[in-house]
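1. Kindly generate the corresponding structure for this input.
(chains A, B, C and D)
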There are 2 protein chains.
Amino acid sequence: MPTDLLTITQIAERSGFAASALRFYERAGLIHAERSPGGRRRYARTVLRRLAFIRAARHVGLTLDEIRAQLGGLPENRTPTREDWAAISAQWRERLDSEIDALTALRDGLTSCIGCGCLSLERCKASNPGDVARRYGPGAVYLPRRLREPLSHP
Amino acid sequence: MPTDLLTITQIAERSGFAASALRFYERAGLIHAERSPGGRRRYARTVLRRLAFIRAARHVGLTLDEIRAQLGGLPENRTPTREDWAAISAQWRERLDSEIDALTALRDGLTSCIGCGCLSLERCKASNPGDVARRYGPGAVYLPRRLREPLSHP
DNA sequence: CTAGAAGTTGAAGTAAGCTTCAAGTCAAGT
DNA sequence: ACTTGACTTGAAGCTTACTTCAACTTCTAG
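-> You can find the predicted model right below:
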């Protein structure tokens, strides 16, 4: 086996993704692998860089669809270069900024509520569908699971 | 029909939750309804307060399990009073604080990466499983869907 | 050559939080 | 009585990002 191609186990170890995730990403069109004569996946080293990009994007909160769009939006559909990365990471930073702003607004709304006990459907900033909910869209706000620690009982 | 009990449609309208969500919450043990002679749900007004609490908690990012725990942890399993609410919302605020901190750290890590083009599995803060990933746990970080706006192609 | 590790596939399962559906029941106005 | 419209139920479906499983096949060391 040529030394410049890696097995799925090697890629899994070096990228930190499970082998099953790598197969899943391949089916999802995010990464690509050559095949050995016997049908095994053989990865070029550049896939590690692509996976690093994917991991970073996941941390920022992009869905796989969005990641595919960003990778596909690159010239020649290539793995991001230094310049691509500079532009993209600046974009991500803006997104994080707005998420931070939104959470901060929510926290401050909560703070102004402490002690008022209102929880009024007409007035409370934390619960009013016409306030917070209308600003962030209908339905629930899903916060980062991995950033959350379970609350203990009061 | 007594005027102090509300139908599911009325509760849905006033709370902003879909009727299907109300039935779901009931099965999940979050809310309760009396029944009419014919078997229809009849809600006491206090359920609106409870639903306001649930909505606020969902905005903060609590799971339904956590919400049930918080509601169940109240004395007499009652709907939160002003004092309960003061304690709980302070707790939520701490949680929002730590989420904001985590996102800020991620953003700053990204900022320090801009232009370096590293995306190195060994060094980059945004992609390294041994850094960000190890700090926040294995696997992906799921950021708030409702706080996110889709990225446009670069 | 052969045991056993590593890899393959498609299909199904998981989690959360609901929504939708089918089929039937109840309530209210005329 | 009859027609709507509101409501009931359990079961299945949806979404995202994977994991797990069963049943094989391939590769590698001895």
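2. So which residues on chain A come close to DNA strand C?
-> A:T7, A:I8, A:T9, A:Q10, A:A19, A:R23, A:A33, A:G39, A:R40, A:R41, A:G139, A:A140 (C-beta under 7 Å from any atom of the strand). The way it works is simple: take the backbone N, C-alpha and C, and place the C-beta from them, glycine included.
3. What about these, which are in strands?
-> A:R41 (DSSP state E).
4. okay if I get the residues of chain A next to DNA strand C as JSON lines plus neighbour count and distance to B:Q91?
-> Formatted as JSON lines, the residues of chain A next to DNA strand C follow (neighbours: other C-beta atoms under 10 Å in any protein chain shown; distance: C-beta to C-beta, whole Å):
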{"residue": "A:T7", "neighbour count": "16", "distance to B:Q91": "48"}
{"residue": "A:I8", "neighbour count": "19", "distance to B:Q91": "44"}
{"residue": "A:T9", "neighbour count": "11", "distance to B:Q91": "44"}
{"residue": "A:Q10", "neighbour count": "12", "distance to B:Q91": "45"}
{"residue": "A:A19", "neighbour count": "14", "distance to B:Q91": "40"}
{"residue": "A:R23", "neighbour count": "14", "distance to B:Q91": "41"}
{"residue": "A:A33", "neighbour count": "20", "distance to B:Q91": "47"}
{"residue": "A:G39", "neighbour count": "6", "distance to B:Q91": "54"}
{"residue": "A:R40", "neighbour count": "13", "distance to B:Q91": "52"}
{"residue": "A:R41", "neighbour count": "21", "distance to B:Q91": "48"}
{"residue": "A:G139", "neighbour count": "16", "distance to B:Q91": "23"}
{"residue": "A:A140", "neighbour count": "21", "distance to B:Q91": "19"}
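5. Name the nearest of the residues of chain A next to DNA strand C relative to chain B.
-> A:A140 (4.3 Å; C-beta to the nearest C-beta).
6. okay, that closest one: pLDDT?
-> With respect to pLDDT, A:A140 scores 29.
7. Same question for the one 4 residues further on.
-> Predicted confidence (pLDDT) for A:P144: 40.
8. do the one 3 residues further on as well
-> Per-residue confidence for A:L147 comes out at a pLDDT of 40.
9. any weak-confidence spans in chain A?
-> Counting by pLDDT under 70, the ranges of chain A that qualify are A:1-3, A:74-77, A:79-80, A:113-154.
10. interface residues of it facing DNA strand D?
-> Counting by C-beta under 7 Å from any atom of the strand, chain A sits next to DNA strand D at A:1, A:18, A:20-21, A:23-24, A:36-40, A:58, A:63-65.
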